[in-house]
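# my questions are about this predicted structure, shown below with the sequence.
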Amino acid sequence: MWGLLGIIIGLVFSLVGWIAGLAVQIVTGSGPAGAFVIRHPMELLAAGVLAILAAHVVWG
């Protein structure tokens, strides 16, 4: 039980760390994520809008 809880907490913290690293790349424009955001902002905006619409359809 506690081992499973430890694994879940570890995965959550690693995911948060990965997202934070990605956010730093996006904000600073460095790395592959930042370069993609700088080159393709409209595609990301369209993907976000489609994701919101899909969530509305799925969850009503």
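Ah, there it is.
# tell me which element the spatially most central residue of the chain falls in.
Taking C-alpha atoms, centre = their mean, the centroid of the chain lies closest to Ile19, which sits 5.7 Å from it. Assigned by DSSP states H and E, Ile19 belongs to helix 2-28.
# how far does that helix sit from its chain's centre?
Helix 2-28 sits 11 Å away from the centroid of its parent chain (C-alpha atoms, centre = their mean, to the nearest Å).
# what's the angle between the helix-or-strand element of the chain with minimal mean pLDDT and helix 2-28?
None of the helices or strands of the chain scores lower by mean pLDDT, DSSP states H and E than helix 31-39, at a mean of 79. On the basis of axes from the mean of the first three to the mean of the last three C-alpha atoms, to 10 degrees, helix 31-39 is oriented at 50 degrees to helix 2-28.
# next secondary structure after helix 31-39?
As assigned by DSSP H and E, the chain's next helix or strand after helix 31-39 is helix 41-59.
# can you list contacts of that next one?
If you take C-beta atoms under 8 Å, 6 or more residues apart in numbering as the criterion, helix 41-59 is touched by Val37. All C-beta spots, glycine's among them, are computed from the backbone N, C-alpha and C.
# begin at 339 from here
With the count now opening at 339, the last piece we talked about shows up as helix 379-397.
# give the buried residues for it.
Neighbour counts over helix 379-397 (16 or more other C-beta atoms under 10 Å) mark no residue as buried.
# now it: average pLDDT?
Mean per-residue pLDDT for helix 379-397: 84.
# taking helix 369-377 as reference, get the angle to that helix.
100 degrees.
# got the CA coordinates for helix 379-397 in CSV?
Below are the C-alpha coordinates for helix 379-397, written out as CSV (Å, rounded to 0.1, in the frame of the first residue of the first chain):
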residue,chain,number,x,y,z
PRO,A,379,2.1,29.9,-32.3
MET,A,380,-1.0,29.8,-34.4
GLU,A,381,-0.9,26.0,-34.6
LEU,A,382,-0.7,25.8,-30.8
LEU,A,383,-3.6,28.2,-30.4
ALA,A,384,-5.7,26.1,-32.9
ALA,A,385,-4.8,22.9,-31.0
GLY,A,386,-5.8,24.5,-27.7
VAL,A,387,-9.2,25.6,-29.1
LEU,A,388,-9.8,22.1,-30.6
ALA,A,389,-8.9,20.5,-27.2
ILE,A,390,-11.4,22.7,-25.4
LEU,A,391,-14.1,21.9,-27.9
ALA,A,392,-13.3,18.2,-27.7
ALA,A,393,-13.6,18.4,-23.9
HIS,A,394,-17.0,20.0,-24.1
VAL,A,395,-18.2,17.3,-26.5
VAL,A,396,-16.8,14.5,-24.4
TRP,A,397,-18.0,15.8,-21.0
